[in-house]
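Engineer: Sequence and predicted structure, then a few things I'm wondering about:
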Amino acid sequence: MAEAYIYDHVRTPRGRGKIDGALHEVTALTLAAQALEAIRMRNGLQTGQVDDVVLGCVDPVGEAGGDIARMAALRAGLGDAVPGIQINRFCASGLDAVNFASAQVMAGQHELTIGGGVESMSRVGIGASGGAWPVDPSIAIPAYFMPQGVSADLIATKYGFTRDDCDAFAVESQQRAAAAWADGRFKNAVVPVKDINGITILDRDEHMRPDTTMQSLGQLKASFAQVGEMGGFEAVAIQAHPEVEAINYVHHAGNSSGIVDGAAAVLIGSRQAGARAGLKPRARIKAFANIGSEPAMMLTGPVDVTHKVFARAGMSFSDIDLVEINEAFASVVLRYLQAFDIGMAKVNVNGGAIAMGHPLGATGAMILGTLLDELERRDLATGLVTLCIGGGMGTATIIERV
Amino acid sequence: MAFTNFRLETDADGIALVTWDMAGRSMNVFDARTIEELSAIVERTTADAAVKGVVITSAKDAFSGGADLTMLETFGVVVADVMKREGAEAASRKLLDEVSRLSRLFRRIETCGKPWVAAINGLALGGAFELSLSCHQRIAADNPKTRLGLPEIKVGLFPGAGGTQRLVRMLPPADALMMMLKGELLNVAKARAAKLVDAVVPPGELIAAAKDWIRSGGKAVAPWDVEGFKLPAGPVYSKAGMQMFPAANAIYRRETYDNYPAARAIMQCVYEGLQLPMDQALRVEARYFAHVVRTPEAAAMIRSLFLSMQDLNKGARRPKNVPPTRVRKVGIIGAGFMGASIGYVTARAGIDVVLIDRDQQSADKGKAHSDALISGEIKKGRAREGAREALLSRITATPDFTALKDCDLIVEAVFEDRKVKAETYAKAQPMLAASAIFASNTSTLPITSLATEFKDQGRFIGIHFFSPVDKMMLVEIILGKNTGEVALATALDYVRAIGKTPIVVNDSRGFFANRCVLNFVAEGHLMFGEGVPPAMIENVARMAGMPVGPLSLTDEIAIDLALRIVKATESDLGAAAIDAGQKALLIEMVETRGRLGRKNGKGFYDYPEKGKKKLWPGLAGLQANKLDPDTLDVEEMKQRFLVVQAVEAARTVEDGVIVDPREADVGSILGFGFAPFTGGTLSYIDMMGTKRFVELCQRLEKKYGPRFAPPRLLLDMAAKGETFYGRFAPAKSAA
């Protein structure tokens, strides 16, 4: 089997996913195109040199619909010969896009590919693509559908994480992200989003609140109590996990991932293709895995998929120098740490989505890049990136510097 | 075709009046012949150029009760025949064709091109309400007795003749779902407010108003057949739909625990149907209906909750040779909570009541209970203003036993103590009329032994009410060894008069219902002892289909009473008859912790003044061992809760306490809420198959103890491949 290498990665800054967010005026297509264009320019890619562009997008409707990957590839000037495909595995789409792009190379069918993702949550809106899962009784009922926030609160209840535990984690995420930005650790990855005149619209992650404290978070009301109690979802949670008497609602906007806009791209290729393009490989895709997990808790997939990818790669946590796990909700990460009995020292060392936001389809590619940059900065070898996924799934990728 | 169920008369204006009037029945229903005749009428009126429109009404008090459920049995025979000859798919196709007959007929009415008006003179339920929904106009007579709705869900079915589709095109889907999932019935005013009825007119003007609507140009087209029709809350995949459906699915699960295939089918029909034009939507509905009709849940629920209940209400067990009795006056001795409540339901049925207690004040207090209950009913709009005075005037509260002299029936509801009861009987007996029947409401003391205190044991019987009496529909009638037929007939006639459902059982400790339900409670206590998290015990019991968890039920019964029962069983039957762990738990709760249940606000739950009850956090400290919930088999826990009751029900058959399986089934559902979707304790066994049930019992016996041991009767039935309804087949009911 051929090896797939990471040659480069970029991401846009993450704009607050609201009408007053800086990236709200920028179309999803432009976000994706600017990330791809940056990859093209930085690496001097020739027209038609890329075999495929795989982009994750979770709500691929409206301006993000109809295969945004091909349109973005055209807009980015990759050449008429470069096709694109949009994929969707909810929150892990960006990482899965990289894995798919890598798999094409590993399978020997493609030489140079781009994986990445895009989400304009402020423009398209979360849930805009609909879907049978919450609506069609034939799946919603047997799959114990709940809004993710209720599942996150179920995880907190079942595994005993208090509001304070979750808030403390959120404060830590903010502090780590602030420190990372202050230290310029994202400078190589982040390409500013510009207007048609070349004027910068946004060059920093806009969602961060570095002054967050336990006290300031203490002011926030739990977000999912009402939908849990009135919408009937607490009963669904309890029927799935009947040892729970009542849900302890601990999550709110401050300890959940931020809603943001953004895009990312990762350049993948075989060793030969890199050499031909005059590029130096930065890391090898060592292994990746996907898994389905218990659908009611929904967000514990990272635990299951980490076991799976370790088994595939014959590795364990002692082989891993750094971990990026998407901070969809505080309890997701806390459960991960608890399940593997690991501390925070090598996990999300530069903060995560609670501080910087989670542009659904792009996040996986973004945090893969964060992981690689930090491995290089610390001169460490091996990292693992994983995300929890709606419907109860997990995706994980292990990379190794070369 | 000559019509035996309808009259068809066309007036000078060319308006046909179809009057539904089934011969030999007090209630119109849809059976095969009726469907055939109505189809012929539709074709004839459609073809007849002289007919401008059609009004359909009924000559009975009610419009119609809906479909004749015994029709479903004939489907089964037809399908089995096709199955044998042509295989499974052909059989399914045949069933689909059969069950969709009514739906197709209604769609034919809706699209025949001539206006149809439903002139709803009275009650119209199920298929009959669906017929009216397919008419182009619904006019109801202003009749206080009228109820309109789709109650199919209560017998394990759902509206399969267009009901799910038309209702969701007339009401916002959340309201339509609620109405169908609850089987909610509306009075005329509410139906009018919901626009399910277009007009309400005085009864005498009903037909004229219906004809007027046609004469004044009423259109023969349903709104959903008009181009550009908009659904009341917009498409499924719209912002509103994305809000409504996820919550509806969740609330569905909260309310049903996903135990009822018919309820699930309603959800699915609405979801799929709303995305289709009417004809395809009706086809989808029919497909789900054909599926649900074949589920064991529907079969079991139709049998127990419709056919058997009807039979028992009609007096299936009543001795035929005793002429009808009429209870005019009932004496109730003991005006405590039970006695006072029995007085209330009796007086509410228009029967005079003498309510006796040891002094005037106690008797008055009992009567005041009726005042409180009827006032509550009036406040909720369930009784008229004048009902309170009428009711209270029928109740005489007194300490004077001579007031019993002209009572036809006496119900004793004094303290559960043999001595107290004996003294009461001694005091009452001299006052009684020679023909009076005497009943004890005891729930624990054997009737045969109580009867020995009584001069004429043939007139002594047990009438066991369930608490709260005004809500619980079951009455257990207990025959002592010497109870006579007149006593039984009188008791049954009385129970019928107060509108409750009787089961007749032979004497034994705990009779029928308590034997089963106490096993359920004990199973919860034993799980607690094993280390199952308390919330899991409670939740899984409800998931199994029980109305409340065993710990909650213990709190309601009172933990000290539960302990007393365990101690009494031990002293009567020996230490082997009880579980030492259960006894220790109850002693700990009652004697060490002073937790008696809801009555003192402290039981397995805490009962805060404000807000919901919560499991007492101290429970964790009473569990020496704690099991990891993720290692527990939820399905097996559910089985334990149901099997431990069902196997006891089988023992009551073996013991001769239960002689008719219908009584065990109906009694278990009405008496203690045994998972209704199973059809009751014995249907649960029949549905599983006796052999499989015995194997399950044996597996549970090995793991959890002899309480699961199948009795000899079950082993014998399993060996012979018998079912309860086969071996103990009740006499065929007259439908």
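Structural biologist: Looks like it arrived, so ask away. Numbering: from 1, shown residues only, chains lettered A, B, ... in the order given.
Engineer: quick one: strands adjacent to the helix or strand that contains A:Ile399?
Structural biologist: Secondary-structure element containing A:Ile399, defined by DSSP states H and E: strand A:393-401. With DSSP bridges as the test, strand A:393-401 is paired with strand A:283-292 (antiparallel), strand A:382-389 (antiparallel).
Engineer: Could you say which one of these comes nearest to A:Val26?
Structural biologist: Comparing the strands paired with strand A:393-401 by their distance to A:Val26 (Cβ to Cβ), the top pick is strand A:382-389, with 24.3 Å. C-betas here are computed from N, CA, C, even on glycine.
Engineer: Do you know the pLDDT at the closest residue in space to B:Gly531 that isn't next to it in sequence?
Structural biologist: Distances taken as Cβ to Cβ, 6 or more residues apart in numbering or on different chains place B:Asn625 nearest to B:Gly531, at 3.8 Å, with adjacent residues excluded. At B:Asn625 the predicted local confidence, pLDDT, stands at 94.
Engineer: Name the SS class of B:Asn625, please.
Structural biologist: Three-state assignment for B:Asn625 (DSSP: H, G, I helix; E, B strand; the rest coil): coil.
Engineer: what does B:Ala2 give?
Structural biologist: Of the three states, B:Ala2 takes coil under three-state DSSP.
Engineer: give the contact list for B:Gln165.
Structural biologist: Shown here is B:Gln165, whose contacts under the criterion Cβ atoms under 8 Å, 6 or more residues apart in numbering or on different chains are B:269, B:273, B:278, B:281-282, B:285.
Engineer: so which of these comes closest to chain A?
Structural biologist: B:Cys269 (9.4 Å; Cβ to the nearest Cβ).
Engineer: contact partners of the helix or strand hosting that closest one?
Structural biologist: Assigned by DSSP H and E, B:Cys269 belongs to helix B:261-273. Counting contacts by Cβ under 8 Å, 6+ apart, the residues outside helix B:261-273 that touch it are A:135-138, A:141, B:152-153, B:156-159, B:164-165, B:168, B:173, B:176-177, B:180-181, B:236, B:245, B:248-249, B:252, B:256, B:258, B:281-282, B:284-285, B:288-289, B:291-292, B:295, B:297-298.
Engineer: now do 6 Å
Structural biologist: Around helix B:261-273, the neighbours that count as contacts under Cβ atoms under 6 Å, 6 or more residues apart in numbering or on different chains are A:136-138, B:153, B:156-158, B:164-165, B:168, B:173, B:180-181, B:252, B:256, B:281, B:284-285, B:288, B:292, B:295, B:297.
Engineer: Can you flag the buried ones in the residues you listed?
Structural biologist: For the contacts of helix B:261-273, a neighbour count by 16 or more other Cβ atoms under 10 Å in any protein chain shown gives the buried set as A:136-137, B:153, B:156-158, B:164-165, B:168, B:173, B:180-181, B:252, B:256, B:281, B:284-285, B:288, B:292, B:295, B:297.
Engineer: Now intersect those residues with the helices, please.
Structural biologist: Among these, the members found in helices (DSSP state H) are A:137, B:164-165, B:168, B:173, B:180-181, B:252, B:256, B:281, B:284-285, B:288, B:292, B:297.
Engineer: Looking at the residues you listed, spot the one nearest B:Ile537.
Structural biologist: Checking these against B:Ile537 with Cβ to Cβ, the nearest one is B:Thr256 at 20.5 Å.
Engineer: hmm, which two among the contacts of B:Gln165 are most spread apart?
Structural biologist: Using Cβ to Cβ, the pair of those lying farthest apart is B:Cys269 and B:Met278, separated by 12.7 Å.
Engineer: neighbour count winner among those two?
Structural biologist: Shown here are B:Cys269 and B:Met278; by other Cβ atoms under 10 Å in any protein chain shown, B:Cys269 has more neighbours (28 against 19).
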